[in-house]
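Novice: Build me a model from this:
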Amino acid sequence: MVAKNTICLWCDGTALDAAKFYAESFPDSAVGAVLRAPGDCPAGKQGDVLTVGFTVLGIPCLGLNGGPAFKHTEAFSFQVASDDQAETDRLWNAVVGNGGQESACGWCKDRWGLSWQITPRALTAAIVDPDRAAA
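Specialist: Predicted coordinates:
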């Protein structure tokens, strides 16, 4: 079944590399259809990757190689609820250790500039617990 809603991520020629990294790093993630240019065009050559369908943590996405006109900002991020410290560390280290950068409060950016929030479920539960001592 084709998803009714897909997240489109604008890339500058790196959609396939990003999709492969996400598929290798995050569970329930995979690279799908790759659409290549059928012939030479003003912005590229025959065979260049135009779009990549992929999933990240079960979320359908499309990587669009649209060029340098738009960059990722913190206005969009993937928020990942990790189950324990080992998973938190593994995901964080995958993003940051592959050319990404650390930020504050569980935020980091991958090497393509996409923001990630890697947050342990226990922390979220403590923050929303009505018992202020838990927070």
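Novice: Run the chain-centre distance for stretch 25-38.
Specialist: Computed by C-alpha atoms, centre = their mean, to the nearest Å, the separation of stretch 25-38 from the middle of its chain amounts to 12 Å.
Novice: buried set for it?
Specialist: Buried residues in stretch 25-38, counting neighbours by 16 or more other C-beta atoms under 10 Å, are found at S25, F26, S29, V31. For the C-beta atoms, the positions are set from N, CA and C on the backbone; glycine is no exception.
Novice: Can you tell me what sits against it?
Specialist: 16, 19-20, 22-23, 44-58, 80, 91, 94-95, 98 (C-beta atoms under 8 Å, 6 or more residues apart in numbering).
Novice: what about dumping the CA coordinates of it to CSV?
Specialist: In CSV, the C-alpha atoms belonging to stretch 25-38 read as follows (Å, rounded to 0.1, in the frame of the first residue of the first chain):
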residue,chain,number,x,y,z
SER,A,25,21.5,3.2,11.1
PHE,A,26,17.8,3.1,12.2
PRO,A,27,15.6,0.1,12.7
ASP,A,28,12.5,-0.3,10.4
SER,A,29,14.3,1.7,7.7
ALA,A,30,15.0,0.8,4.1
VAL,A,31,15.9,2.3,0.7
GLY,A,32,13.1,1.8,-1.9
ALA,A,33,12.7,3.0,-5.5
VAL,A,34,15.5,5.1,-7.0
LEU,A,35,14.4,7.3,-9.9
ARG,A,36,17.2,8.3,-12.2
ALA,A,37,17.3,10.9,-15.0
PRO,A,38,16.4,9.3,-18.3
